[in-house]
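A.B. asks: Have a look; sequence and predicted model below, questions after that.
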Amino acid sequence: MCTIISISTNVILKYKPIQVISKYCNFYNMAKRDCEDETPSPKKQKTGHWSMGLLASMNDPMNIVKSDDLVTVIKDAYPKAEFHYLVIPKDNISNLKALKKDNISLLKHIEEVGREIANLEQHKNRTFNFGYHAEASMFRIHLHVISDDMNSSHLKTKKHWNSYTTPFFLKPEDIRKSLKKNGKVSLPTSQQCKEYINTPLKCHKCDFIPKHMPNLKKHILTHLTD
DNA sequence: GTTCTAGAAC
DNA sequence: GTTCTAGAAC
């Protein structure tokens, strides 16, 4: 856990400008403290830094929806729709930038498992979207499998909304294609990511332009079907 | 990733 | 005065 952060911090130190270094060092120190804390609280000992949350979740049998040799599927702890799952590889791939051509078959498997989950009997008459966040907050790549109702008390901010409804939400097949073609994943720049996240709110199912999030949340109820 | 809250927007 | 958003969290 500490090793991963040390390596990525070294890379950041090599390439990022000073302001960003300070931001990441701060993040590094927080995570490092969690790793090194000799007398952690029981809660801390279990979960560690929040960015490690997925790893803790996938190791807790209570959270596991399905697993096989290659992947674990968990329910998102803060679902942004009525159904929201994460398909996570057992192989420790920290983020999309760490993907190699060798991982293409694993990515295909992740998508297959995602489709299986979406096609479960309990999800009949539901439409699901599949994607990776261009900039994820949590370690270990994870495919979002999310129903398109977007109806959830945990969906609160413009960032939440736009992270699933703009090109910030990367199609799994595009990830695989760019990996096959270029040997690495082509990702939007951090500036592009900011623009996607700051895109004015718009309903994902019609032309409705909401005034603000509460307005949008009320509006999407009109699209619900059962 | 979430929580909290100051101050902007209404 | 209330609602809403955006940024800090050491």
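C.D. replies: Looks like it arrived, so ask away.

A.B. asks: CA only for contacts and neighbour counts going forward, please
C.D. replies: Noted.

A.B. asks: Show me which residues of chain A sit near DNA strand B.
C.D. replies: A:50, A:51, A:78, A:136, A:137, A:138, A:154, A:160 (CA under 7 Å from any atom of the strand).

A.B. asks: I'd guess residue A:146 is in a strand, am I close?
C.D. replies: Yes: assessed by DSSP: H, G, I helix; E, B strand; the rest coil, residue A:146 belongs to a strand.

A.B. asks: tell me which parts of chain A are close to DNA strand C?
C.D. replies: A:26, A:156, A:157, A:158, A:211, A:212, A:213, A:214, A:215.

A.B. asks: Quick check, residue A:141 in contact with residue A:89.
C.D. replies: Yes: taking CA atoms under 8 Å as the definition, residue A:141 is a contact partner of residue A:89 at 7.3 Å.

A.B. asks: Just want the residue of chain A that's nearest DNA strand C.
C.D. replies: As assessed by CA to the nearest atom of the strand, DNA strand C sits closest to residue A:212 within chain A, at 3.4 Å.

A.B. asks: Phi, psi for the residue nearest to that residue when sequence neighbours are not counted please.
C.D. replies: Of all residues not flanking residue A:212 in the chain, residue A:201 sits nearest, at 7.3 Å (CA to CA, 6 or more residues apart in numbering). Note on residue A:201: its backbone torsions stand at phi -60, psi 140 [degrees, to the nearest 10].
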